[in-house]
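**Student:** What follows is a predicted protein model with its sequence.
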Amino acid sequence: IFHTSPNILHYRNNEPNGQMAAGHTFTIEPMICEGSAKALTWPDEWTATTIDGKRSAQFEHTLLITKDGVEALTGKNEKSMLQLWERNSEVHKGIWLGTSKAAEARHNEINARLLAAS
């Protein structure tokens, strides 16, 4: 099943729509638009473009709710940059909640390299 309840909208809204629980997954899908952010969906009901046709990029991160917090399921390799929320989160202190000690060590190593290079 691709999309299931609760339906978490990818834009600000004030509508209650359920509560996430351990085992649920959801995505964060940021978009960068050169022009308008208003979307136009093509007849295939899948392809989307901005209404003004200017350049845009969309990225997706899949997250799993665990009993201990959140785990990022989006693939990474050793050269992948840490995401902003991984580096700067006061709650997560630079790592995803529920990550292993090996992942925390990797985070510390990569951040040290990034800080040394800046």
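**Tutor:** Nice, thanks for sending it over. Everything quoted here is computed from the prediction, not taken from an experiment.
**Student:** low-scoring pLDDT stretches of the protein, where are they?
**Tutor:** Residue ranges of the chain with pLDDT under 70: 1-4, 6-13, 17, 76-104, 106-108, 110-111, 118.
**Student:** domain ranges for this structure?
**Tutor:** Using automatic domain parsing, the domain ranges for the chain come out as 1-75, 77-118.
**Student:** Residue 23 versus residue 64, what's the distance?
**Tutor:** 8 Å (CB to CB, to the nearest Å). Bear in mind the C-beta positions are built from the backbone N, C-alpha and C, glycine included.
**Student:** Show me which of the two is the more surrounded one.
**Tutor:** Taking neighbours as other CB atoms under 10 Å, residue 64 and residue 23 compare with residue 64 leading, 16 against 9.
**Student:** Can you identify the element that follows the longest strand belonging to the chain toward the C-terminus?
**Tutor:** In the chain, taking DSSP state E as the definition, the longest strand is strand 61-66. Under the assignment DSSP states H and E, the closest C-terminal helix or strand after strand 61-66 is strand 69-72.
**Student:** what about stretch 29-44, how long is it end to end?
**Tutor:** 20 Å (CA to CA, to the nearest Å).
**Student:** contacts for it?
**Tutor:** Stretch 29-44 is contacted from outside by 10, 47-61, using CB atoms under 8 Å, 6 or more residues apart in numbering.
**Student:** repeat that for 10 Å
**Tutor:** With contact meaning CB atoms under 10 Å, 6 or more residues apart in numbering, stretch 29-44 is reached by 10-11, 47-62, 84.
**Student:** can I assume residue 116 sits in a helix?
**Tutor:** Yes: assessed with DSSP: H, G, I helix; E, B strand; the rest coil, residue 116 lies in a helix.
**Student:** and it, how many neighbours?
**Tutor:** The burial count for residue 116: 7, using other CB under 10 Å.
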